[in-house]
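> Turn this into a model:
(one chain, ligands or ions: 1)
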Amino acid sequence: MRKRFYRIGQPYIDAADRQSVLDVLRSKNLALGPKLKEFEKEFARFHKTKYACAVSSGTAALHCAVKSLGLKSGDEVITTPISFIASSNCLLYEGVNPVFVDIEEETMNIDPLKIEAAITKKTKAILVVHIFGQPADMTPIMQIARKHKLFVIEDACESIGATYKGKLAGTFGDVATYAFYPNKQMTTGEGGMVITMKKRLWTLCMEYRNQGRKIEDPWLHHYRLGYNYRMDEMSAAIGCVQLKRLKWMIKQRQKIAETFF
Ligand SMILES: *Cc1c(COP(=O)(O)O)cnc(C)c1O
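Numbers count the residues shown, from 1 in each chain. Model (predicted):
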């Protein structure tokens, strides 16, 4: 039999993506413009959530999420060892200690049955990673979080558009992050997004991404320590196009996956 090769990490780019970038370049509005707002609005709408903040990478999104919850040096956050390194690095940036809980064999996601044994007085949050397009078992995880008054961060960087009991990955916890690196379900080149139902968390993320400036501040007033985590207009324009065909792209991935079984 002839060998067949499938690329698992190649993005889908067509004329619509290319056109969207040309349109931005012609407009000369390359940063903090209308495409950024449109992408955020559409991404929030897709997830039936209130707020979205587009940033320069999934790692930046995670860092903003950790900071917006006020996690700090000496705190502990329960998470999974089977992940991309960014989901632990975002904790280490703030001196927060990742506490690793083992995974379920079936899904490769954090095992809810093993979480409670890892909770200490220092535990502030659970950072769930929905790995390889498979959401973690959110019902028991949210029950444990509520019982112990822990925040829940969802790293849905690898599971954009995946559902758990009919709800999209990233719509269960306090705050969720997505990444748009070229190997993800959809891409913007480099890029990321934070979503939340909580205005306070969103406001903080918007300030962190723009050097600590207040939202819509027309001048250089810096209210807190911030970063340059902004997403540019070319990336946001690609994001708008990619989001429109996300469901179709996921179907194509599923077709390829089915050929392995
Ligand atoms: C891709 C990914 C990220 C973020 O990656 P960036 O390269 O910073 O966009 C974070 N967590 C997980 C689990 C990922 O797979």
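
> Please count neighbours and contacts with C-alpha atoms only from this point.
Noted.

> Would you check how far apart Tyr178 and Val21 are?
21 Å (Cα to Cα, to the nearest Å).

> And these two? Which one has more around it.
Counted by other Cα atoms under 10 Å, Tyr178 and Val21 do not tie: Tyr178 has more neighbours, with 29 against 18.

> ok, that one to Ile119 distance?
26 Å.

> try Leu246
Leu246 is 37 Å from Ile119, by Cα to Cα.

> Give me the residue ranges of the chain where confidence is low.
For the chain, the stretches with pLDDT under 70 are 1-6.

> For it, what lies in contact range of the ligand?
For the chain, the residues in contact with the ligand (Cα under 6 Å from any ligand atom) are 57-59, 83-84, 86-87, 129, 155, 157-158, 179-181, 191-192.

> hmm, try it at 5 Å
Near the ligand, the residues belonging to the chain are 57-59, 83-84, 86, 157-158, 179, 181 when assessed by Cα under 5 Å from any ligand atom.

> Out of the residues you listed, name the ones that lie in strands.
Among those, the members falling in strands (DSSP state E) are Ala179.

> Output the residues of the chain next to the ligand as TSV; include the columns distance to Met138.
Below are those laid out as TSV (distance: Cα to Cα, whole Å):
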residue	distance to Met138
Ser57	25
Gly58	21
Thr59	22
Ser83	17
Phe84	20
Ala86	21
Cys157	16
Glu158	16
Ala179	20
Tyr181	25
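
> of all the residues of the chain next to the ligand, which two lie farthest apart?
Ser57 and Ser83 (16.0 Å; Cα to Cα).

> Who has more neighbours out of the two?
The neighbour comparison of Ser57 against Ser83 (other Cα under 10 Å) goes to Ser57, with 24 against 18.

> so the more buried one sits right up against Tyr181, yeah?
Yes - in this structure Ser57 lies within contact range of Tyr181 using Cα atoms under 8 Å: 7.4 Å.

> Find residues that contact each of the two.
190-192 (Cα atoms under 8 Å, 6 or more residues apart in numbering).

> can you pick the most crowded of those residues?
Ranked by the number of neighbours (other Cα under 10 Å), the shared contacts of Ser57 and Tyr181 place Gly192 first, at 29 neighbours.

> And that one, its phi and psi?
phi -160, psi 170 (degrees, to the nearest 10).
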